[in-house]
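Chemist: I would like to see how this sequence folds:
(chains A and B)
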Amino acid sequence: MALLPQRFAPEQCEAVTREVLAAHRGQPGALLPILHDIQDRLGAVPPELLPLIAEDLCLSRAEVHGVVSFYHDFRATPPGRQVLKLCQAEACQSMGVKALTAELESKLGLPLGETREDGSLSFEPVYCLGNCACAPSVMLNGELHGRVDAEEVLALLAEQGAQA
Amino acid sequence: MSEPIKIFVPRDATALSLGADKVAKAIVAEAAARGIEVQLVRNGSRGLFWLEPLVEVATPAGRVAYGPVKARDVAGLFDAGFHEGKAHALGHGLTEEIEYLKRQERLTFARVGITDPLSLEDYIAHDGYRGLKRALGMTPEAIVAEVTESGLRGRGGAAFPTGIKWRTVLGCQAEQKYIVCNADEGDSGTFSDRMVMEDDPYVLIEGMTIAGLAVGATRGYIYLRSEYPHAEAVLLETIARATAAGYLGDDVLGSGKAFHLELRRGAGAYICGEETALLESIEGKRGTVRPKPPLPAIEGLFGKPTVINNVISLASVPIILDKGGAYYKDYGMGRSLGTLPIQLTGNIARGGLIEKAFGITLRELLYEYGGGSVSGRPIRAVQVGGPLGAYLPESQFDTPLDYEAFAALGAVLGHGGIVVFDDTVDMADMARYAMEFCAVESCGKCTPCRIGSTRGEELLSQIIVARSEGPQPGRIELLKSLCDTMLGASLCALGGMTPYPVMSAINHFPEDFGVSQDSAEAR
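Modeler: Coordinates of the predicted model:
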């Protein structure tokens, strides 16, 4: 999976949004697919785009904001260049993910749920990646890895970072 | 010239997460270097996850298994002649003869791990689309009657009879009806939906098409959680292939009947696994729960009659139509008929997918299949049925997997997920986590769930801090009262079932809450 670019010019965001809106015209219940497409292309759904989306779908801006803010996936700013998601759900807990979380927070110098200031890495919690028989699991830049420990995660980060 | 040797390397997400792609590349490279002609097939996973990546080689005697294979093992495997099915330290003999697999009863998962998931030809060669072909010659009433006869109950968790749901939709008059597949498999400890979608996707497509014929629905939606990117890619590809081959579209197999299928990606909200919240989400709204009635069968997606079923329920339909409801019904016990894909996960030596008729006990699963904990420590608790399921102690391990037997214990089977914990688990912390999860994922529509979960997390945190000082009857009583309110007054199962893990933890493991076992029994 390609690493996400950090920032786009406002006019580019608007152009992408107009393209996406046109592509979904007439689709019933199009709001989630539209938000996904925008985020897939821009790395985020910038709040300044909400009026444009609302107008196109004949919704109020409040309604669109309500949807964007309801779902965990949608974000107002792009994530770090690398995104590390660490599963926190029960199966991973049974295999010690709490200790692993603390170890990674310390070794990465980054608390779970935050992005480094230089934009190099986001470290996010996720609740179940469907790899529960091989816990603990992480998803790094969209790729799933099972039965990991801290050393392995750090090695994967270094490997992926070198490729970027 | 001889035929190339067929070598199978799974493309299932779990196999990939353990390095299957690297193994596949190494096999191709090594074979080329040795001048051995191989045909690499990327099959699904057999679900023997402790052996993944499980490489299989086709031999005249059948497929021979090797695993877990790492890329660095490949040269040694060729040296030992694994491409001719010869012995190696990683060898397990004929795949079908591996006890874990041999003792299963695979109906819904009959093809999983065997075929190339993307290949429509492979699907058809392994009895695929026989159910649809038979259904095309039947009346809608007869199709619904066959599903009713099978005894199939919703495999998503609520266990409502599928045939009755379908009959309700069939009986509605409407210019448009819908089939919705709930593929928002968010429970920790579950992956059977994911496996069907990644490893045998046409069976789901076929099941949904049959459902459309049965109730008169011409449009279907698969609502897939965003955490499953591999499943999304496979479904998009196979929907396109099925459409191109005439199995989907305006004229299904020349029958004059239409069925169109669209994939919708969720956006990271656990509550969207609740059927009415899921419908709201497809409609482009916040995924909040709708009060029932009206039932989705009568007023569902976009206000129209809608069949909404889980992946496994729909994927069980093709074999029911192919072999008949009576064939399917013969598996199982009591009112739990057919088979359940069980997912054995967490702290377990041999985790994986086990499809068995209802009635197998937890103990058989944990020890005969699972081989005990992977840590080697005693198993102390297992959570069955996802984050809203009860924690069962060792004294309940002889319970058979049966909806009614579990209900009698105040537990649920849910989606068949089993998460195993060894004796290092802190059950008060697990109870606190259940409340925390509910607080994070609550849709906020009803007060018992929205406020109750936050208050519950707060109370449990206080109990955990103070437990070393001895029992805290006041806080425990308050927590029980709070659970009672959530159980009785929440709008849906998220708030209504979060008390299951919490109360079962307190009742079975009181010592973790600062309450002695004696005083717990005296209550």
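Chemist: And the strands in chain A, which stretches?
Modeler: A:82-87, A:114-115, A:121-126, A:138-140, A:143-145 (DSSP state E).
Chemist: Identify whichever of these lies nearest to chain B.
Modeler: Smallest distance to chain B across the strands of chain A (C-beta to the nearest C-beta): 4.2 Å, for strand A:143-145. Placement of C-beta: from N, CA and C, glycine included.
Chemist: Report the strands that pair with the closest one, each with its relative direction.
Modeler: Its sheet considered, strand A:143-145 pairs with strand A:138-140 (antiparallel) by DSSP bridges.
Chemist: Please state the offset of the partner strand from the chain centre?
Modeler: In terms of C-alpha atoms, centre = their mean, to the nearest Å, the centre of strand A:138-140 is set 11 Å apart from its chain centre.
Chemist: which residues sit against it?
Modeler: Under the criterion C-beta atoms under 8 Å, 6 or more residues apart in numbering or on different chains, residues A:82-87, A:126, A:129, A:144-145, A:148, A:153, A:156-157, A:160, B:227 lie in contact with strand A:138-140.
Chemist: For ChimeraX, what selects the buried ones among those residues?
Modeler: Applied in ChimeraX, the following selects the buried portion of those according to 16 or more other C-beta atoms under 10 Å in any protein chain shown:
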select /A:82,83,84,85,86,87,126,129,144,145,148,153,156,157,160 /B:227
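Chemist: Sort the contacts of strand A:138-140 by pLDDT and name the bottom one.
Modeler: For the contacts of strand A:138-140, the minimum pLDDT belongs to A:Gln160; the value there is 88.
Chemist: correct me, but that one touches A:Gln82?
Modeler: Yes - using C-beta atoms under 8 Å, A:Gln160 makes contact with A:Gln82 at a distance of 6.1 Å.
Chemist: hey, what's in contact with both of these two?
Modeler: Both A:Gln160 and A:Gln82 are contacted by A:140-141, under the criterion C-beta under 8 Å, 6+ apart.
Chemist: how about low-confidence regions in the chain?
Modeler: Using chain A. Within chain A, the stretches with pLDDT under 70 are A:1-6, A:163-164.
Chemist: please go with chain B instead
Modeler: Ranges of chain B meeting pLDDT under 70: B:1, B:517-523.
Chemist: Longest helix in it, please.
Modeler: helix B:447-466 (DSSP state H).
Chemist: What separation do you get for the residue in the stretch 101-250 of chain B that chain A sits nearest to and B:Leu482?
Modeler: Closest residue of the stretch 101-250 of chain B to chain A, C-beta to the nearest C-beta: B:Ser188 (3.4 Å). Applying C-beta to C-beta, to the nearest Å, the value for B:Ser188 to B:Leu482 is 23 Å.
Chemist: Looking at these two, which has the bigger crowd around it?
Modeler: The residue with more neighbours, out of B:Ser188 and B:Leu482, is B:Ser188; 28 against 20, by other C-beta atoms under 10 Å in any protein chain shown.
Chemist: quick one: the more buried one from B:Ile451, how far?
Modeler: 24 Å.
Chemist: How about B:Gly386?
Modeler: Going from B:Gly386 to B:Ile451 by C-beta to C-beta gives 23 Å.
Chemist: who has more neighbours, the two?
Modeler: Each of B:Gly386 and B:Ile451 has its neighbours counted (other C-beta under 10 Å); B:Gly386 has more, 29 against 17.
Chemist: Next, the contact list for the residue lying closest to A:Gly146 once chain neighbours are set aside, please.
Modeler: Distance criterion C-beta to C-beta, 6 or more residues apart in numbering or on different chains; nearest residue to A:Gly146, sequence neighbours excluded, is A:Cys134 at 3.3 Å. Residues near A:Cys134 by C-beta under 8 Å, 6+ apart: A:146-147, B:14, B:17-18, B:49, B:52, B:351.
Chemist: redo that, cut-off 6 Å
Modeler: Contact analysis of A:Cys134 by C-beta atoms under 6 Å, 6 or more residues apart in numbering or on different chains lists A:146-147, B:14, B:49.
Chemist: can I get these in CSV with neighbour count and distance to B:Pro501?
Modeler: Below are the contacts of A:Cys134 laid out as CSV (neighbours: other C-beta atoms under 10 Å in any protein chain shown; distance: C-beta to C-beta, whole Å):
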residue, neighbour count, distance to B:Pro501
A:Gly146, 23, 24
A:Arg147, 18, 25
B:Thr14, 31, 25
B:Phe49, 30, 24
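Chemist: Next, the residue most central in space within chain B: phi, psi?
Modeler: For chain B, the residue nearest the mean C-alpha position is B:Ser192 (3.0 Å; C-alpha atoms, centre = their mean). Dihedral angles of B:Ser192 (phi, psi; degrees, to the nearest 10) stand at phi -70, psi -30.
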